[in-house]
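Take a look and give me a structure for this.
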Amino acid sequence: MRYLGSHVGLSSPLYLLGSVRQAELWGETAFMCYTGAPQNSHRVPLERLKIAEADAVSALPRVIHAPYIVNLADPEGGEKLSIGKKTVKNELQRAKAMGGVCLVLHPGASLGADFLPSALCLCRCLEEVAQGENFPPIAIETMAGKGSEIGKTLEEVAFILGNCSLPLKVCLDTCHLHDGGYDLSDPGFLDEVDRVIGLSNVACVHLNDSKNPRGSHKDRHENLGYGAIGFSNLRRIASDPRLDPLPIILETPYWNGAAPYAQEIKMLRDGAFSDWR
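Purely as a prediction, here's the structure:
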């Protein structure tokens, strides 16, 4: 677990400088942030984000997450597709300026279409946005299968990677994978990931427990060790040497209004669950 961190806010007045200071305060060696509010595409200009000041005090790897309102998988999306493409291109530009190692992107929802046209729509949109550009790689996040989400199986993610001419990457989300039906207690789980999508194609990991039973397709994150996946299974995944070069990012919920990340990171490094709640 060389690069271990969490989702960290990006807020006024310190913006990215405040993010790196918070990550270091929690004992993190990597972190993830959005470039603005995740619920919309309104963005503060880059020159206000204190990027140079952040660079001067920290070299922590930074994972950037695109807003989750973007849907590039609806073949009938019309104007929403155009807006989504503009949003993703802007996020890629911002991720590059902010030193992001990748831009995590939810693959989107078919909204009634079959998987094949939806996946190909996503691929063509991403090619249009990023082809020929020197942007950080786009990492397609594995999804829980809520509603008509695509990317809910490793095979669907592999299809997206194989049918896009961009060198796409993958973000493995443990809660999503569990809620999607995968058994993360199986010691061979990462072997299955390697067989289907290739661990060399993984750019980062979202390490989250789940509030729901396996296969529930709910997407409800839980604190490490308090959910249906369990601390020992999550730590085994996080400590696998094949993932050592990758940022491992916690997106677990706050507890009583406070961030849990310092406690959870300590548990992972100590290798033992501690009932801190």
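
now the strands for the protein?
Defined through DSSP state E, the strands belonging to the chain, from first to last, are 3-7, 30-34, 62-65, 100-105, 138-141, 169-173, 202-207, 209-210, 221-222, 247-250.

State the distance spanning the first to the last residue of stretch 29-38.
23 Å (Cα to Cα, to the nearest Å).

typo on my end, it should be stretch 20-29
Between the start and the finish of stretch 20-29 there is a gap of 10 Å, counting by Cα to Cα.

ok, back up a step: mean neighbour count and distance to A119 for the strands of the chain - can I get that in a markdown table?
Just so you know, the C-beta spots here come from the backbone N, C-alpha and C atoms, and that holds for glycine as well. Putting the strands of the chain into a markdown table (neighbours: other Cβ atoms under 10 Å; distance: least, Cβ to Cβ, whole Å) gives the following:
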| stretch | mean neighbour count | distance to A119 |
| --- | --- | --- |
| strand 3-7 | 23 | 27 |
| strand 30-34 | 24 | 25 |
| strand 62-65 | 26 | 21 |
| strand 100-105 | 24 | 13 |
| strand 138-141 | 24 | 10 |
| strand 169-173 | 27 | 14 |
| strand 202-207 | 24 | 19 |
| strand 209-210 | 26 | 25 |
| strand 221-222 | 18 | 25 |
| strand 247-250 | 27 | 25 |
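
Same list, these, but as CSV with mean pLDDT please.
As requested, the strands of the chain are exported to CSV (pLDDT from 0 to 100):
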stretch, mean pLDDT
strand 3-7, 98
strand 30-34, 98
strand 62-65, 98
strand 100-105, 98
strand 138-141, 98
strand 169-173, 98
strand 202-207, 98
strand 209-210, 98
strand 221-222, 98
strand 247-250, 98
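
The ones you listed: which one's closest to G271?
For the strands of the chain, distance to G271 was read as Cβ to Cβ. The smallest value, 12.7 Å, belongs to strand 3-7.

Next, the angle from that closest one to strand 30-34.
Direction vectors for strand 3-7 and strand 30-34, defined by axes from the mean of the first three to the mean of the last three Cα atoms, to 10 degrees, enclose an angle of 30 degrees.

what separates Y3 from N223, distance-wise?
21 Å (Cβ to Cβ, to the nearest Å).

likewise A54?
With distances taken as Cβ to Cβ, A54 is found 28 Å from N223.

before we move on, what about Y261?
The value you get for Y261 to N223, if Cβ to Cβ is used, is 10 Å.

want to try CSV for the strands of the chain, with distance to R48 as columns?
Compiled in CSV, those are given as follows (distance: least, Cβ to Cβ, whole Å):
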stretch, distance to R48
strand 3-7, 21
strand 30-34, 15
strand 62-65, 17
strand 100-105, 17
strand 138-141, 25
strand 169-173, 27
strand 202-207, 26
strand 209-210, 36
strand 221-222, 30
strand 247-250, 25
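
Ok, which of these comes nearest G18?
When the strands of the chain are ranked by proximity to G18, the top entry is strand 30-34, at 9.9 Å, counting by Cβ to Cβ.

nearest spatial neighbour of A109, skipping sequence neighbours?
Excluding its sequence neighbours, the residue lying closest to A109 (Cβ to Cβ, 6 or more residues apart in numbering) is S148, at 4.5 Å.

Please read off the pLDDT at the one you found from the model.
Reading off the confidence values, S148 has pLDDT 96.

doesn't S110 make contact with it?
Yes: because the distance of 4.6 Å satisfies Cβ atoms under 8 Å, S148 is recorded as touching S110.

more neighbours, those two?
Ranked by neighbour count (other Cβ atoms under 10 Å), S148 and S110 place S110 first, with 23 against 17.

Sounds good, over and out.
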